[in-house]
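Engineer: Provide a 3D model corresponding to the input given below.
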Amino acid sequence: MELQDRLEELTRSGIGVAAISYDSPAILADFAESRGITYPLLSDDNSAVITAFGILNTVAAEGMGPRKDDPDIIALVKKYVAVSGSFAGAIGTPFPGTFMLDTDGRVKARFFEEFYRERNTTANVMLQLGIGSSSVAAIRGSSTQLDFTAHASNSSVSAGSRFSIAVDVEPRPGMHVYAPGAEAMGYRVIGLTLDPGSTFRYEPVEYSASEIYYFEPLDEHVPVYRHPFTLLQEVVVEASSEAQAALDGLDTLTLTGTFNYQACDDKICYPPAAVPLSFTLDLVDADTPQASK
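Structural biologist: Predicted structure coming up:
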């Protein structure tokens, strides 16, 4: 539903949208009408395209085969097909995910998950690819060394949502902060530290490309940022039955933590700073549009 909700924004960015399923045209037509979907839903009822892209989910067939009672097969079924109940209807389905193709049909990026109930939000894919801009309320901060803006890719999420916290950083003229790799030389690397929770998990922080800075007084070369860059922290709302039970009855999900940095110029390093951050997101059902308000 979020894909439909952001369709106009995607179109403005020059992105066309289509979804491929092994369902019949009649089933897809009914689905589109009931959900108000206006982008193309393509029927691949013999799974030929799904197979050609190398994403045919064979786990369901294994779960019905001679090794169905094998603990390893049972674990795969729970991860890639269904937590419980019949999964015969999953034969022929793809591993769910998103491909980004160019105008020549070449795959330029792909987004797939390890658990069948997890999904990248559309806003997160756009953020990862640097497409469009977020309208989510942001946290802004300034000091004599740098300016920063922190925001979530989505204002609302559901169980299984994969979204991001982004921190856009702009060092002031003459200033730099240290990038990954500088810790080996004893420097403090800029970072985002979010507090753990039982209903969500974090992926490793993604850093923009840095540059090598020559610090003449010590005759050393250090990776730094001197120009605007972005930190990306992906967050996954857990979709296990245990996490779902913990999320039931909650209307919001709150993430807290700190933005940590130490800025330096050519002569001195300023005291380390730890700026508190807090993001409160609406919790919605999976079929509810996850809009950026």
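Engineer: how about the spatially most distant residue from the centre of the chain, phi and psi?
Structural biologist: Largest separation from the mean C-alpha position in the chain: Pro217, at 41.2 Å (Cα atoms, centre = their mean). As for Pro217, its main-chain torsions (degrees, to the nearest 10) stand at phi -60, psi -30.
Engineer: flag every buried residue along the lowest-mean-pLDDT helix or strand in the chain.
Structural biologist: Lowest on mean pLDDT, DSSP states H and E among the helices and strands of the chain sits helix 71-80, with a mean of 73. Buried residues in helix 71-80, counting neighbours by 16 or more other Cβ atoms under 10 Å, are found at Ile73, Leu76, Val77, Lys78, Tyr80. All C-beta atoms are positioned from the backbone trio N, CA, C, and that covers glycine.
Engineer: my guess is the second one meets Ala60, correct?
Structural biologist: In this case it means Leu76. No: with contact defined as Cβ atoms under 8 Å, Leu76 does not count as touching Ala60 (9.7 Å).
Engineer: would Asn124 count as being in a strand?
Structural biologist: No: counting by DSSP: H, G, I helix; E, B strand; the rest coil, one finds Asn124 to be helix, located in no strand.
Engineer: so what's it up against?
Structural biologist: Ser153, Asn154, Arg162, Phe163, Ser164, Glu234 (Cβ atoms under 8 Å, 6 or more residues apart in numbering).
Engineer: the second one contacts Thr121, correct?
Structural biologist: Yes: counting by Cβ under 8 Å, Asn154 does reach Thr121; the two are 5.2 Å apart.
Engineer: give me the more crowded residue out of the two.
Structural biologist: In this view Asn154 and Thr121 are compared by other Cβ atoms under 10 Å, and Asn154 has more residues nearby, 27 against 24.
Engineer: residues near the closest residue to His176 other than its chain neighbours, how many?
Structural biologist: Distances taken as Cβ to Cβ, 6 or more residues apart in numbering place Val224 nearest to His176, at 4.2 Å, with adjacent residues excluded. Neighbourhood size, Val224 [other Cβ under 10 Å]: 23.
Engineer: would you mark the buried spots in the one helix or strand Val224 maps to?
Structural biologist: Using DSSP states H and E, Val224 maps to strand 220-225. Residues of strand 220-225 classed as buried by neighbour count (16+ other Cβ under 10 Å): Val222, Pro223, Val224, Tyr225.
Engineer: rebuild those as CSV, extending it with distance to Glu206 and pLDDT.
Structural biologist: Shown next, in CSV, are those (distance: Cβ to Cβ, whole Å; pLDDT from 0 to 100):
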residue, distance to Glu206, pLDDT
Val222, 20, 94
Pro223, 15, 97
Val224, 17, 97
Tyr225, 14, 98
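Engineer: the helix or strand following the strand holding Val224: partners in the sheet, and parallel or antiparallel?
Structural biologist: Following strand 220-225 in sequence order, the next helix or strand is strand 229-237 (DSSP H and E). Strand 229-237 sits in its sheet next to strand 161-171 (antiparallel), strand 200-202 (antiparallel), strand 206-207 (antiparallel), going by DSSP bridges.
Engineer: strand 229-237 versus strand 220-225: what angle between them?
Structural biologist: Using axes from the mean of the first three to the mean of the last three Cα atoms, to 10 degrees, one finds that strand 229-237 and strand 220-225 are set 60 degrees apart in direction.
Engineer: need the residues that contact strand 229-237.
Structural biologist: Identification of contacts with strand 229-237 by Cβ under 8 Å, 6+ apart yields 118, 124, 127-128, 157-169, 190-192, 194, 199-203, 205-208, 210, 243, 247, 253, 255.
Engineer: buried ones only from those, please, as a PyMOL command.
Structural biologist: Of those, the buried ones go into a single PyMOL selection, burial set by 16+ other Cβ under 10 Å:
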select buried, resi 118+124+127+128+157+158+159+160+161+162+163+164+165+166+167+168+169+190+191+192+194+199+200+202+205+207+210+243+247+253+255
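Engineer: next, the buried residues of whatever helix or strand comes next after the least confident helix or strand of the chain.
Structural biologist: Downstream of helix 71-80, the first helix or strand assigned by DSSP H and E is strand 97-101. Neighbour counts over strand 97-101 (16+ other Cβ under 10 Å) mark Thr98 as buried.
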